[in-house]
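> Any chance you could fold what I've pasted below:
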Amino acid sequence: MKKTVIILLILMNIVTVDASGNEPKYKIIANSNSDEDIETMYEIKDSLIKDYQQWVKSVDDVDQALADHQKNYNAKYYNGEYKIVLGEGKGKKLTGALKTSYCVTSKEIKKKSFLAELFS
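Numbers count the residues shown, from 1 in each chain. Here you go, the predicted structure:
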């Protein structure tokens, strides 16, 4: 019995669990490398991000929401990747993560502590 418990404790320390959420990815492939097709690719990316934020509002299963909206962009959703091929798909590729918030700041965030201020 002791051997089993010791082995389980060792295995628990060796095995790590990745508890981070898996963000779905997108991949958009342009029809060709022409300026018009690349511009269209970026317009679709912007539209996809706006739509994604609407689709996943108050939704528990993000994967199901993306799978349900494949027809909107003539896309395929497989293995966490939302893939959109424009035309023949022989142009540039645009990839990224689908997020619900894209807020980014360049300012440094200063952490304040009530207890630290009280004793200083």
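> on contacts alone, who are the packing partners of the strand or helix carrying Asn13?
Applying DSSP states H and E as the criterion places Asn13 in helix 2-14. If you count contacts as 3 or more Cβ pairs under 8 Å, 6 or more residues apart in numbering; DSSP states H and E, helix 2-14 packs onto no helix or strand. (Each C-beta comes from the backbone N, C-alpha and C, glycine too.)
> can you tell me which residues contact the residue positioned nearest the centre of the chain?
By Cα atoms, centre = their mean, the chain has its centre lying nearest to Glu23, at 2.9 Å. Neighbouring residues of Glu23 by Cβ atoms under 8 Å, 6 or more residues apart in numbering: Ala97, Leu98, Lys99.
> now those as JSON lines including pLDDT?
Putting the contacts of Glu23 into JSON lines (pLDDT from 0 to 100) gives the following:
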{"residue": "Ala97", "pLDDT": "90"}
{"residue": "Leu98", "pLDDT": "88"}
{"residue": "Lys99", "pLDDT": "84"}
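> Most neighbours among the residues you listed, which one?
Leu98 (20 neighbours; other Cβ atoms under 10 Å).
> Any chance of the backbone angles for Tyr26?
Note on Tyr26: backbone dihedrals following degrees, to the nearest 10 are phi -120, psi 150.
> What separation do you get for it and Leu8?
41 Å (Cβ to Cβ, to the nearest Å).
> again with Lys71
48 Å.
> Looking at these two now, which is surrounded by more residues?
Leu8 (10 against 7).
> Which parts of this protein are strands?
Remark: strands assigned in the chain by DSSP state E are 25-29, 75-78, 81-85, 93-97.
> Can I get these in JSON lines including distance to Lys3?
Rendered in JSON lines, the data for the strands of the chain read as follows (distance: least, Cβ to Cβ, whole Å):
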{"stretch": "strand 25-29", "distance to Lys3": "44"}
{"stretch": "strand 75-78", "distance to Lys3": "44"}
{"stretch": "strand 81-85", "distance to Lys3": "44"}
{"stretch": "strand 93-97", "distance to Lys3": "45"}
